[in-house]
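Student: following is a predicted model, sequence given first.
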Amino acid sequence: MTEENCTLWMGNIESWMNLSYLYKFLKSINIYPTHITLKNYPNKRGCAFLEFFSREIAENVLTEYNNKTIKGIKLEFNWVHSLEQKYKFSKITKFTVSSKKFYFLFFYKRSFLLVI
């Protein structure tokens, strides 16, 4: 198994966008990440980290959707270059798709709570 980078950073996330909205929006434009890690800030734009099954899928998303405006939202994508970049936030919310079940993982200082 190779450890290729299959994670994209997504910028320009409005403060009102929650995981459910982001997942439905991405699904509506045929983007299906296996994991979404979302960081929102009050009164300013946040970001998300989208993990995919393969690097090829992530490359296609980056090529097809980066810097495009769809449904009034300007999409911004870039590669995540390190785990430190991905997990630099002390509190993040992660959305995982696994066997058609949705798991919400709330991370805080390297511990987490799993809600099914």
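Tutor: Structure's in. What do you need?

Student: now stretch 65-84: buried residues?
Tutor: 65, 75-77, 80 (16 or more other Cβ atoms under 10 Å). Every residue, glycine included, has its C-beta placed from N, CA and C.

Student: what's in contact with it?
Tutor: 5, 7-12, 14, 25, 28-29, 31, 49-50, 58, 61-62, 86 (Cβ atoms under 8 Å, 6 or more residues apart in numbering).

Student: from those residues, which land in helices?
Tutor: 25, 28, 58, 61-62, 86 (DSSP state H).

Student: picking that back up, just the buried members of the contacts of stretch 65-84?
Tutor: By neighbour count, with 16+ other Cβ under 10 Å, the contacts of stretch 65-84 hold 7-10, 12, 31, 49-50, 58, 61 as buried.

Student: now render those as TSV, adding pLDDT and distance to residue 38.
Tutor: Shown next, in TSV, are these (pLDDT from 0 to 100; distance: Cβ to Cβ, whole Å):
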residue	pLDDT	distance to residue 38
7	93	13
8	95	13
9	94	12
10	95	9
12	90	13
31	94	14
49	93	8
50	94	10
58	95	17
61	96	16
